[in-house]
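Q: what's the 3D shape of this:
(2 chains)
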Amino acid sequence: DAMVIQNPRYQVTQFGKPVTLSCSQTLNHNVMYWYQQKSSQAPKLLFHYYDKDFNNEADTPDNFQSRRPNTSFCFLDIRSPGLGDAAMYLCATSRLTGSSYEQYFGPGTRLTVT
Amino acid sequence: AQSVTQLGSHVSVSEGALVLLRCNYSSSVPPYLFWYVQYPNQGLQLLLKYTSAATLVKGINGFEAEFKKSETSFHLTKPSAHMSDAAEYFCAGGFKTIFGAGTRLFVKA
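A: Purely as a prediction, here's the structure:
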C-alpha cells in the first residue's frame, strides 16, 4: 500500500543535542510537509517542499531545518532541541499544493527532550 | 484572515447516539474543506472532503458532513456512535490548510 512512513516513532534526545527525524513516501507526491503538534493542539505547519522548492513558515524557529534529497524522502533537523520542542512531529504529503488537495499523514514521531 | 473554528473542544455521547461535531469557516476560505480524524499517537486520517460537487459529503466509517454556505458551516455527523469513534477530530480548509483546534470525541458505553 502507498503510504507515508516516519522513523523513528519515538525519539528521545538530550537538551541541545541535534536530532534528525525522517519521513519517506511511496505516493510519489510533489509536496511534503512537516508539522509540529503539541498535546491537545492542532498541527502547526513548520514548512513544506514543493518538489525541491522550500517554503518556510514565518514563525518557524531557525532551530528547525529541513532537507529533501529526493522525491521520496524528507528530513527534519532540530539543531539544538529545547524542552519546548518536545512534541509530536507529523509528516504529510499531497499531490500538489492548493486548497483542494487533501494531505496524507504519517503516523508521527513523538520527540522527548530530556 | 482565513479561519476555521471548531465549536467545543470536547464532545461526549453515548454509544448509539448521534454524533455532531461543529465546524465554521470564514467566508474567505476557499470552498474546499476537510475533516480528519486522529487516534492516540497516530497521524491524521482523512474522513471526508468537500469539493463543491455535492453539499452532503459521505466519508469513511459512516461519517458525513454538510456544507452550508449560508451558515459558513461544515458540521460532521454520524447517526450512531461506536466506541471505536473515540478520537480527536479536526476540521481543515484554506489556501494553506488551516486546521481547527480539534474536538475530542468521547463515547460512553
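
Q: show me which residues of chain A are close to chain B?
A: Applying CB under 8 Å from any CB of the partner chain, one finds that chain A approaches chain B through A:4, A:6, A:40-43, A:45, A:88, A:90, A:92, A:98-100, A:102-108, A:110. From N, CA and C alone the C-beta is placed, and that goes for glycine too.

Q: what's the separation between the residue most central in space within chain A and A:C91?
A: By CA atoms, centre = their mean, the mean C-alpha position of chain A lies nearest to A:W34, the distance being 2.8 Å. The gap separating A:W34 from A:C91 is 6 Å, by CB to CB, to the nearest Å.

Q: who touches both of those two?
A: A:23, A:74, A:76 (CB atoms under 8 Å, 6 or more residues apart in numbering or on different chains).

Q: restricting to C-alpha, output the helix or strand encompassing the last one in PDB.
A: With secondary structure defined by DSSP states H and E, A:L76 is part of strand A:73-78. What follows is strand A:73-78, C-alpha atoms only, in PDB (Å, rounded to 0.1, in the frame of the first residue of the first chain):
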ATOM      1  CA  PHE A  73      12.500  11.400   1.500                       C
ATOM      2  CA  CYS A  74      12.300  14.500   3.700                       C
ATOM      3  CA  PHE A  75      14.200  15.100   6.900                       C
ATOM      4  CA  LEU A  76      13.500  17.400   9.900                       C
ATOM      5  CA  ASP A  77      16.600  18.600  11.700                       C
ATOM      6  CA  ILE A  78      16.400  20.200  15.100                       C
END
